[in-house]
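In: Return a 3D structure for these sequence lines:
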Amino acid sequence: MTLEDIQRAIVKLSPADRAALRRWLIELEAGTGERAEAETRASKLGRLAGRAVADIRKRLREP
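Out: Numbers count the residues shown, from 1 in each chain. You can find the predicted model right below:
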């Protein structure tokens, strides 16, 4: 899908759907919304997992 395809589809949206899309885009740019929240949770979980693995490796190297 190209940008032109997306633009043509947006033009066909109802005013209410365009308003919903506008709000979603604003949330996306601001880093809020469901997707951003999920990504934040995933990155926090990834950091915790990384720290746990590093801690385990460190303990395995200790005499």
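In: From now on I want contacts and neighbour counts done on CA atoms only, so please keep to that.
Out: Fine.
In: Helix or strand: which one has Leu25?
Out: Secondary-structure element containing Leu25, defined by DSSP states H and E: helix 15-30.
In: And Ala9, by the same measure?
Out: helix 3-11.
In: Need the per-residue pLDDT for Ala42.
Out: The predicted local distance difference test score for Ala42 is 69.
In: now do the one 5 residues further on
Out: pLDDT for Arg47: 79.
In: hang on, the earlier thing: report the angle between the axes of the helix holding Ala9 and helix 15-30?
Out: Helix 3-11 and helix 15-30 are oriented at 130 degrees to each other (axes from the mean of the first three to the mean of the last three C-alpha atoms, to 10 degrees).
In: May I have helix 3-11 as CSV, with CA atoms only?
Out: Only the C-alpha atoms of helix 3-11 are listed here, as CSV (Å, rounded to 0.1, in the frame of the first residue of the first chain):
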residue,chain,number,x,y,z
LEU,A,3,0.9,6.8,0.6
GLU,A,4,-1.4,7.7,-2.3
ASP,A,5,-3.6,4.7,-1.6
ILE,A,6,-3.9,5.7,2.0
GLN,A,7,-4.7,9.3,1.0
ARG,A,8,-7.4,8.1,-1.3
ALA,A,9,-8.9,6.0,1.4
ILE,A,10,-8.8,8.8,3.9
VAL,A,11,-10.7,11.1,1.5
